[in-house]
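Enquirer: starting from these lines, generate the structure:
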Amino acid sequence: MSTPETSRFVRLRVELVLEVEDRDAVIKTALRRIVADDDMPATERTHAESAVTEDTAEALAYLVDPFDLVSDVPGIELAQASWSSEQIEYDPDSPDWDLDEDDVDEDDYVEDDVVAGDGRAG
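Expert: Alright, predicted model coming up:
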């Protein structure tokens, strides 16, 4: 009997909704990060500065780095990362924003059906 081999790779999905309380502070911080990046070519720097100035979501994309989330976790190495940001309409009371909705796969959900007379689940 052989043991099935388990992949060493794990996909971690994270979704955040952030409220921007100080747009200027976010933009200024992103601009400082861009200026401090010595490896960024001048043409890319000009484009990045323009993008973060016009769009707070772009500024956040320059500030939030998936590597920062896992760089201090022992025993792992980040193999690949991608992320994006966008401005959205958000209503915390709307059922569309139920964060637990993806936690249970409908195929995995078992209803409590009882077969009449014998008390066994159906």
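Enquirer: got a list of what residue 14 touches?
Expert: With contacts defined as C-beta atoms under 8 Å, 6 or more residues apart in numbering, residue 14 is in contact with residue 69. C-beta: built from backbone N, CA, C; applies to glycine.
Enquirer: on the three-state scheme, it is what?
Expert: At residue 14 the chain is in coil, as set by DSSP: H, G, I helix; E, B strand; the rest coil.
Enquirer: could you measure from it over to residue 34?
Expert: 24 Å (C-beta to C-beta, to the nearest Å).
Enquirer: now do the host helix or strand of residue 61, average pLDDT.
Expert: Assigning secondary structure by DSSP states H and E places residue 61 in helix 56-63. Averaging pLDDT along helix 56-63 yields 93.
Enquirer: check the burial of residue 30 by counting its neighbours.
Expert: Neighbours of residue 30 under the rule other C-beta atoms under 10 Å: 22.
Enquirer: perfect, that will be all.
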